[in-house]
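1. Sequence first, then the predicted structure, then my questions.
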Amino acid sequence: MTLKEATREAQRVSEHATQRMAWRTARVARRTAQRAAAILSPKRLGALLCALCMAVALLPLAACQAPQEQAVHLTVKVPRTGHDVVFDDSITQIDQVVSRMAAAFERDYETPVVIDVEVFEQNQYDDAVVDCFDTNNAVDVLYGDYFNISTYVHTGRVVPLDDAITDEVRDDILGHLWDMSTVEDRVYLMPYLSRQNVLAYNKALFEQAGLGRYVESDSIQSWSLDEWDTILDTLAANLPEATYPMMMYAASSQGDTHTMTLLRAAGSNFFDESGHFNLSTPEGIAGLRRIQDGVARGWFPPHSENLEIEDCSSLFQKGQLAIYMVNNASIDRYGDTIGLVNFPGPTAAGCATTFVSGFEVFDNGDAQKVQVAKDFLAYVYANEDLLSYAAGTLPASSRVADRYGSQITGFELFASNRDNVVDFTGSNPDTRAIREVFYLHMHDLLMGVISPEEAAAHIDASCNAVIDAGIAASQLHE
Amino acid sequence: MDSIAHVLAQPTDRTFLNRKRYILIFTVSIAVVIAAVCVYLEQLSITVSSDLMASVNEISSHDVESVEGSLDNAYGRLDSAAKRMAVYDVQTVQEAQEQMNLEAASSSMFNAIYLLDTDGILYSSSYARFNAGEHAYDEMFADGRDNFVMLYDDAYGKLETTKESLIYGVRMDGMTIGDHQFVAMLGRSDLSAIRDQLLIESFDGQGISSVINPAGYYIVSAAPATDLSGRNNFYDLLDSSFIEDGLTTADVRRNISEGRSFVIHCVTAHGERQVISFEPIEGTSWSFIMTVPTSVFEQRFSPFIFMTACMLVALVLVLIVMMVIIYRFMKRSIRANAEAAARAEFLSNMSHEIRTPLNGIIGLNHLMERHLDDNVAIAGYVQKMNKAAQYLLSLVNDILDVSKLQAGKVDLARERFSLRAALDNVCEMQREPIAEAGIKLDTSGVDLPHPEVIGDEVRVSQVLMNILSNAVKFTPDGGSITITADQTVLNNSRNVFTRISIADTGCGMTPEFQRQIFDTFTQERNAISESQKGTGLGMSISHLLVQQMGGQLSVESKLGRGSRFTVAVALPMAAADGRLPGGAAANAGAEGIKSKAAKAASKERPDDAARDAQVVNAASVPAVPGESATEATGTAAPNKTATEAAAPDDRPLNLLIAEDNDLNADILSSILTEEGHEVTIATNGQEAVDAFAASAEGAFDAILMDAQMPVMDGYDAAKAIRQLDRADSTTVRIFACTASTLVEDRERALESGMDDFLPKPLNMRVMLEKLGSVRKEQR
């Protein structure tokens, strides 16, 4: 630690102590007032007066630490998401990281600012965002997964962030992430980290099924379709009772992006050039058929249409499922018991998907708030320490990746597999709406009530309708 | 008369005492009302709170029943699924799991179903198998129960999900599949799926129901978590709150674990006061919690408070108004009673006062009849009779003065006069009684650098005379009277502030009497004053007169030591040229008060004229040393003074007297005849008109016309005479001679054509002077 850093740290500790003292003083006053209120009754009016006097006497002590200027209030919302950091074991949730960012910004920003970091559940995005528009709890800065929060870009409330992005930051963040953050040449999302999704296989089950030759370590493998067929058929034939070859589920929309990726197995690009669903092609239908045939060939657990992804996760963790999806952040829990392999197709190298998480800023009609929110993001992205908290998965920052890559499990593997990453969002302005219809068709396909052709047609029709409606309703911030 | 003051003084004391009593009663009443209000509000609050708590309990019971019903429903569904499993044709556990998969998929309640075998292995509808060492859900049946429900907690074994869920369990009768014997079926429900049906809001959404497990985690809450990592704990919430009545979170936790129903009051970290009701849910270890902000109670209570406050305000206002009315009524009643008593006492005393001199007059008249031949005795009787008559006259005059002053009908003159001369004359008038009593009169302190002022000399003299005569009256023999006077010219004004004090060494007054001395009909009863005579109106008249002059009459006195009366009044200084400040010519000079007699007699107001005349006459008494008051007044009998007034020209006048009262007519006739005039008597107005009409022109020099007469009153008669077509009808002097002495009576007389006004009782000297002036005019 340099002298400058030490001085800064000492200053931070001092300020923290001062803040804590002020907070404690205020808390004493508040609790005193609470107790006074608790005993408020005609019989205890005297006590109330005493308590009020005490509170009045103590409040100035707290107030002396209060900012003189009217503070800008920002609401930052974060979904409850597990998160690890290689250099800080205390971090278990992403909201902890965001809170640290907020505290640092509050401390360093020239204008008094108060940031509330609010955590919401993963399935309550709309409750936390859309339902709070035009209320006192409207979100100013939203952190989340792109496939959830990109939808809000088209509400017209998410502001472009180009003016908050310096050249240094633009160069630092990985280029393909900027592409995913850009709509009509303007950046609406600030990527912070990503997770790359690939498939994993249970080495022991492979060995047990006689597929030892496919087992590798320290690599992300790619199998041809024939190899896939062989492996899955072999697994279906050789696995012991109550053990199944591969994940499959369609009871809900959870995990549907992985199912979509599997549909590329026969060479389908999934989307056409305009970004619309395009499964009604030979490759697309072939992909659907592989899945439907796989049901009959015992590739999946019985009645997998009734399973959730978490059921498959449980089976995989219990050694009852041979092939399941993982990402670079989750492979630690399995150690060397699993091998990694790309999803099949559309090329021989197979494919992977990336979940990008980052920030977006909402305009709630207060220009000052918008500017402070942008300054908040500019501050975070100019601060390597804060960017470094992405180092538990795949950091968006090249500098952080360079600094901590060696400490991140499988970082090099997934970085080198970046070229096989495919986009699972297309030009869809409302990914979350797509998810509500897509799995239903997969459910029918797995049940066998519709043919692959019908499934392709239904998926294309319903999902593209959602896309078109989304495009029609799309309103970008001016 | 003395008793009047006594009577009047008593109600004042009583009023004072009554006021204190009323204040005490009012205060006690208010205190009782306030106490009643407090008790009422307290009882009302208790009643409303009890009612709301009853509602809370009722809602809690209903919700608990709802939750219990929902649990029973879940048990029933799970039991049905278990029974169906028994009848399905499944040969292996895997087939059973597939069947459970379909059961779960078709169930709207369960996301997953599990079979528990005798080895403790849990078989899931998602095909996962949890060995005995991986879970502890079988322990839920350890106490022999047939079913259970619990909040999913991975401490009991992590299942497929991380979502907030409920785990239900029902005991089975030992279903056997292959080598496995199953003892229970478990069902897992996503809590969010059933939360809405369990969450019940009350009190317009302000009352929140929730259900917690013994660990404090919410099964149902208004802000539920969806994931195990996001769950909130009730006890953490309670820890950040303040629980009243000395309870702690540990107490609450213990009560819940013991399955008790109880209520706590607490204040949240946000300062919100809440009432929290706990109710155990039968068949579970859960507790149903109904949280109601106390603001709900206050909102329900506030309309009652408002209505009560309005009612009480109205009631208090009515009571106050009623009490004020009663108080004023009683006060008025007391005053009226006191006034009635005073009036009765006054009338009694007036009767006494009037009857006494009348009795003397009658008695003297009787004596005179018996001693007609004894001129010496007759002279003495006549003198005494005159005193009695004078007293009667002063009594009547005083009463009239007070009446007019109180009615504001006294107009003060604005004439130039000498204060010094007025004071000297007053002293001079009292010189004789002062000398008789051996009283020392000290006037060395009189310093009047600006004696010439504008004002009502007669009224000023009347005031000073009243004070001085009282001083003389109440000062014992050998005492002293000190008169001091000083003047200050007021800044930026032509007014001079004059203060004249008359101090005596008399009997003095009690403080109580000092407060009443200026009230009418008051005279202190004491040993000295007992013997004094008077109407008790003098000081009241003086006080009212000084007030009307814009001044102040004050008194300082100590009982047994004497009194000091001070007249303080600001009067305009007279200009050197003798003009009034307003520019009107001063019609009075510095010739002295004696010359005012004629002026007083010619004043516009007949009653004033009479008073002035009397005062001046009285003032003239000492001016003629050796003459008696009777001689000076000249009212009771023909006397030298009156004769001398007519002396400059003794040509007899031919007078027509219209008088319906024979006695008065005789007296008047006798006096005028004795003065040498010729008199013709008419008994009513018509006769007077006829007599005048029948006379030769210029036959009558003047007509003395009574006002109220039968047949034709004096006013009409005067009009008729003036309208006669003869030369002297407009020139003959007509004097109104009437006992109606009000201003309007005089105005009416003048309007009817009469020339002057002679109020009854007639001041003979004034009358003769006026007749003398007629003679002068004719000459």
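-> Structure received. Numbering: from 1, shown residues only, chains lettered A, B, ... in the order given.

2. Would you mind naming what in chain B lies close to chain A?
-> Contact residues, chain B versus chain A (C-beta under 8 Å from any C-beta of the partner chain): B:38, B:42, B:92-94, B:97-98, B:101-102, B:104-105, B:111-112, B:124-130, B:159-162, B:192, B:225-227, B:229-230, B:241-242, B:244, B:265-269, B:271, B:273. C-beta coordinates here come from the backbone N, C-alpha and C atoms, glycine included.

3. so where's the stretch 351-478 of chain A uncertain?
-> Per-residue confidence for the stretch 351-478 of chain A (pLDDT under 70) gives these ranges: A:427.

4. any idea where the helices of it begin and end?
-> A:367-382, A:384-387, A:398-404, A:411-416, A:431-447, A:452-473 (DSSP state H, counting those that start in this stretch).

5. Check the offset of the third one from the chain's centre.
-> In other words, helix A:398-404. In this view, helix A:398-404 has its centroid 20 Å away from the chain centroid, taken as C-alpha atoms, centre = their mean, to the nearest Å.

6. ok, and for it, which residues are buried?
-> For helix A:398-404, a neighbour-count test (16 or more other C-beta atoms under 10 Å in any protein chain shown) marks A:400-401, A:403-404 as buried.

7. Please apply the same query to stretch B:722-739.
-> For stretch B:722-739, the neighbour count (16+ other C-beta under 10 Å) marks B:728-729, B:732-738 as buried.

8. Over to stretch B:212-220?
-> For stretch B:212-220, burial by neighbour count (16+ other C-beta under 10 Å) applies to B:212-213, B:215-220.

9. Next: stretch B:135-152.
-> Quick answer for stretch B:135-152 (16+ other C-beta under 10 Å): B:135, B:137-138, B:140-141, B:147-152.

10. ditto for stretch B:72-82
-> For stretch B:72-82, using 16+ other C-beta under 10 Å, the buried residues are B:74-75, B:77-79, B:81-82.

11. okay but residue B:187 is in contact with residue B:76, surely?
-> No. Judged on C-beta atoms under 8 Å, residue B:187 makes no contact with residue B:76 at a distance of 11.1 Å.

12. re earlier: which members of the buried residues of stretch B:135-152 are positioned in strands?
-> Taking DSSP state E, the ones among the buried residues of stretch B:135-152 that sit in strands are B:147-151.

13. residues contacting residue B:546?
-> Applying C-beta atoms under 8 Å, 6 or more residues apart in numbering or on different chains to residue B:546 gives the contacts B:463, B:552-553, B:567, B:569.

14. burial measure for residue B:259, as a count.
-> 16 (other C-beta atoms under 10 Å in any protein chain shown).

15. ugh, wrong one, I meant residue B:371
-> 14.

16. who are the neighbours in contact with it?
-> Going by C-beta under 8 Å, 6+ apart, residue B:371 touches B:377-378, B:381.

17. how much space between it and chain A?
-> Per C-beta to the nearest C-beta, to the nearest Å, residue B:371 is found 95 Å from chain A.

18. again with residue B:28
-> Going from residue B:28 to chain A by C-beta to the nearest C-beta gives 22 Å.

19. what about that residue, helix or strand, and which?
-> Following DSSP states H and E, one finds residue B:28 within helix B:2-87.

20. follow-up on the earlier one: filter the residues of chain B next to chain A down to the ones in helices?
-> Members of the residues of chain B next to chain A lying in helices (criterion: DSSP state H): B:38, B:42, B:93-94, B:97-98, B:101-102, B:104-105, B:192.

21. Out of the buried residues of stretch B:722-739, which comes closest to chain A?
-> When the buried residues of stretch B:722-739 are compared for distance to chain A (C-beta to the nearest C-beta), residue B:738 wins out at 78.2 Å.

22. Quickly list the domain ranges of chain A.
-> A:75-186+A:360-409, A:196-354+A:424-473 (automatic domain parsing).

23. what about the shortest one, how long is it end to end?
-> With C-alpha to C-alpha, to the nearest Å applied, domain A:75-186+A:360-409 spans 33 Å between its terminal residues.

24. Secondary structure class of the nearest residue to residue B:554 once chain neighbours are set aside, three-state.
-> Leaving aside its sequence neighbours, residue B:554 sits nearest to residue B:566 (C-beta to C-beta, 6 or more residues apart in numbering or on different chains; 5.1 Å). Put simply, residue B:566 is strand when judged by DSSP: H, G, I helix; E, B strand; the rest coil.

25. Give the bridge partners for residue B:566, please.
-> Judged by DSSP bridges, the bridge partners of residue B:566 are residue B:501, residue B:554.
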